[in-house]
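>>> Quick one, structure for this:
(one chain, ligands or ions: 1)
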Amino acid sequence: MTGTFSVEVLRKGVEERDIDAINSLVAQLLGKVKKGNKRSSQNRRTVTLLQEVAAIMVVRNGGSIVGLGIFSEKPTLTHKVGWIDDLVVDENFRRRGVGEALIKAMIEAGKDRGLERLNCTCRPEKVPANNLCLKVGFKFIGTINGTNFHTFEYGS
Ligand SMILES: CC(C)(COP(=O)(O)OP(=O)(O)OC[C@H]1O[C@@H](n2cnc3c(N)ncnc32)[C@H](O)[C@@H]1OP(=O)(O)O)[C@@H](O)C(=O)NCCC(=O)NCCS
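Below you'll find the predicted structure:
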């Protein structure tokens with residue numbers, strides 16, 4: 001599997017078939033299996049997230065989720081800003097363009113919503129994630145409390 005990937009937005013609940021894949025990706029994101037992170041609790045958490053955030057975006061391979069990212073908006077009185085969180089691709093599917101497809105879909109989502117900026121943070125040691133942000137046009141703003149801060153400016 002290489003090439004162009006279609007990105008799907010999870011809109012209603014999480015299907016039973018997706019729970020294990022999401023759990024596995026969460027464990028890879030954290031570098032460990034979170035204690036007490038059972039299927040049911042992860043399912044509840046994901047369903048709650050769906051109600052709270054703009055979109056959970058996923059890429060599938062043969063029906064199974066192999067990558068995901070969360071796109072959300074944090075409007076303030078003065079700015080329309082979006083955030084990317086929890087971007088992760090299954091380790092068996094990395095370096096094939098899945099992460100790039102996801103982040104580009106989130107940039108497009110922000111454009112559609114008229115955002116001024118889209119932010120993404122990652123620790124400096126997460127070299128693939130930092131490189132990915134720079135590749136798709138994010139600017140490195142600086143390191144704040146040990147976390148690299150990247151922003152994508154939409155322009156007027
Ligand atoms: C970051 C991550 C999502 C990238 O996903 P991916 O599908 O492997 O990335 P892609 O194949 O789309 O790569 C796109 C670009 O990202 C960068 N990149 C990806 N993997 C890289 C690696 N191992 N080393 C250096 N750069 C890398 C490159 O710029 C690459 O472009 P190129 O192929 O032209 O060099 C993935 O490595 C991951 O899940 N990491 C663990 C979780 C994580 O750190 N998430 C970020 C939290 S802030």
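
>>> Tell me where the chain is predicted with low confidence.
1-3, 12-13, 32-40, 42-44, 46-47, 50-53, 156 (pLDDT under 70).

>>> what does it put close to the ligand?
The chain comes close to the ligand at residues 29, 87-89, 94-100, 122, 126-129, 131-132, 135, as judged by CB under 6 Å from any ligand atom. No exception for glycine: its C-beta is placed from N, CA and C like everyone else's.

>>> Return the residues in contact with the residue of the chain found nearest the ligand.
Per CB to the nearest ligand atom, G99 is where the chain lies closest to the ligand, at 2.4 Å. With contacts defined as CB atoms under 8 Å, 6 or more residues apart in numbering, the neighbours of G99 are G67, L87, V89, P128, A129, L132.

>>> rerun that using 7 Å as the cut-off
For G99, the contacting residues are G67, L87, V89, L132, by CB atoms under 7 Å, 6 or more residues apart in numbering.

>>> Can you say which helix or strand has it in it?
Assigned by DSSP states H and E, G99 belongs to helix 98-112.

>>> Past that helix, which element shows up next along the chain?
According to DSSP H and E, the helix or strand after helix 98-112 is strand 117-122.

>>> from the middle of its chain, how far away would that next one be?
Computed by CA atoms, centre = their mean, to the nearest Å, the chain-centroid distance of strand 117-122 equals 10 Å.

>>> and the angle for that strand with helix 98-112?
Inter-element angle recorded for strand 117-122 and helix 98-112: 150 degrees (by axes from the mean of the first three to the mean of the last three CA atoms, to 10 degrees).

>>> any residues touching strand 117-122, and which ones?
81-84, 106-107, 110, 129-130, 133, 138, 147-154.

>>> Which of the residues you listed are buried? Put it as a PyMOL command.
To isolate in PyMOL the members of the contacts of strand 117-122 that are buried, counting by 16 or more other CB atoms under 10 Å, one can use:
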select buried, resi 81+82+83+84+106+107+110+129+130+133+138+148+149+150+151+152
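
>>> Inside strands: which ones of the contacts of strand 117-122?
Secondary structure defined by DSSP state E assigns V81, G82, W83, I84, T147, N148, F149, H150, T151, F152, E153 of those to strands.

>>> Right, I'll leave it there.
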